[in-house]
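Colleague: I'll drop the sequence and a predicted model, then ask my questions.
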2 protein chains.
Amino acid sequence: MRNVVAQIGDKWSLLILFALVDGADRFNALKSRVEGISQRMLTQTLRDLEREGYVNRTVYPEVPVKVEYALTTMGKDLVKPLYKLVSWADEHQDEINRARKEYDENR
Amino acid sequence: MRNVVAQIGDKWSLLILFALVDGADRFNALKSRVEGISQRMLTQTLRDLEREGYVNRTVYPEVPVKVEYALTTMGKDLVKPLYKLVSWADEHQDEINRARKEYDENR
DNA sequence: CAGTATCCTAGCAGATACTG
DNA sequence: CAGTATCTGCTAGGATACTG
């Protein structure tokens, strides 16, 4: 039950998945769009997402090499329930902030 | 955007939230039901969930003290999109396993 | 361009002992 | 019963340097 959430609940997976929603993108383009991510973490997280079957990697043997990442069919499908969660979060942002504030004030 | 997923994407939050779906529960009862969790992590995760406003804590001043944890209205609401995600995970379990296996075999 | 390879550190989380 | 407190190993992840 925890598998998927454990997998995409890390620091970067979600951001990468959503960065790929609009279409395939190249490594360095992704690096720019996913603010704050290091090269190391981008590579590693992409490999993980690829391994899970959410992302596929295409190498174009040009010089210099061009590598594109895109959501797989399953990846696109996964994004749907994730959207629900994200919009839930959006809608409840204020409520959560209030809860936090109140909690913190009482100790 | 990452806030909620970061919050409940840790090792135990999801399991605790789902353990509370059927109704309020006491500390040690939860500890039994959430298999493998340490006392330390149960306390800590419950505090976090309380801080976010997903769980509330009620102390009954008996001797010995009795403490009950329950989902708040917002907590119950959060569980809905989480269910979507969990059932998605369920449905795609095999596909993910296949993807992993294939990935691992090719390197 | 798209990565490895190393080094390094903060903090997550387990185990254990103690307490109102 | 429902927690704290403390010690500690481990690993996620940042910074940096290098490469086909």
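Modeller: Yep, it's here.
Colleague: who's in contact with A:Y69?
Modeller: A:20, A:24-27, A:30, A:46, A:55-58 (CB atoms under 8 Å, 6 or more residues apart in numbering or on different chains). In short, each C-beta sits where N, CA and C put it, glycine included.
Colleague: what are the phi and psi values for A:N56?
Modeller: phi -120, psi 160 (degrees, to the nearest 10).
Colleague: Return the distance of whatever residue of chain A ends up closest to DNA strand D relative to A:W88.
Modeller: Residue nearest to DNA strand D within chain A: A:K11 (3.4 Å; CB to the nearest atom of the strand). Using CB to CB, to the nearest Å, A:K11 is found at 20 Å from A:W88.
Colleague: Please say which of these two ends up with more neighbours.
Modeller: A:W88 (18 against 13; other CB atoms under 10 Å in any protein chain shown).
Colleague: The helix or strand hosting A:D90: which residues count as buried?
Modeller: Take DSSP states H and E as the rule and A:D90 turns out to sit in helix A:73-105. Neighbour-count burial for helix A:73-105, counted by 16 or more other CB atoms under 10 Å in any protein chain shown, picks out A:74-75, A:77-79, A:81-82, A:84-86, A:88-89, A:92, A:96, A:99.
Colleague: Surely A:A19 touches A:K31?
Modeller: No - the pair A:A19 and A:K31 does not pass the contact test of CB atoms under 8 Å, sitting 9.9 Å apart.
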